[in-house]
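Asks: Make a model of this:
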Amino acid sequence: MTFGRYGKDNATLGRAYARADAPGGREADAERLAALIKALTGEEPRVYRVGSNMVVERGREHLDGFALYEELADAIAKWLEIAKR
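Replies: This is a model prediction of the structure:
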């Protein structure tokens, strides 16, 4: 999963693309990833299709949810500091 800063308001946004070669195809892969993200963060991500790709989109609320995990907290805090504009 990756996150970046986008737009005039420097919004935190992350996207992941479902894999076609995953068991069940792209739709099933996107569904599993969305369920995992919701389970870990408490927030349901946006899932949508772009052409033949399935995109799972996350925002700051998801990043904040991931930061609750000790293993990720330091890396997320460091990225947020570096990514400030």
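
Asks: Spit out the contact partners of the most centrally placed residue in the chain.
Replies: Nearest to the mean C-alpha position of the chain, counting by CA atoms, centre = their mean, stands Arg58 at 3.9 Å. Each residue near Arg58 by CB atoms under 8 Å, 6 or more residues apart in numbering is listed here: Met1, Phe3, Leu13, Gly14, Arg15, Ala16, Ile37, Pro45, Arg46. Using the backbone N, CA and C atoms, a C-beta is placed for each residue, glycine as well.

Asks: Equivalent analysis for Pro23, please.
Replies: Pro23 touches Asp29, counting by CB under 8 Å, 6+ apart.

Asks: picking that back up, let me know the closest of the contacts of Arg58 to Glu71.
Replies: Met1 (13.9 Å; CB to CB).

Asks: Gly65: what secondary structure?
Replies: Here Gly65 is helix, with the state taken from DSSP: H, G, I helix; E, B strand; the rest coil.

Asks: Tell me, how many residues neighbour the residue lying closest to it once chain neighbours are set aside?
Replies: The shortest distance from Gly65 to any non-neighbouring residue, by CB to CB, 6 or more residues apart in numbering, is to Thr41 (2.7 Å). Neighbourhood size, Thr41 [other CB atoms under 10 Å]: 19.
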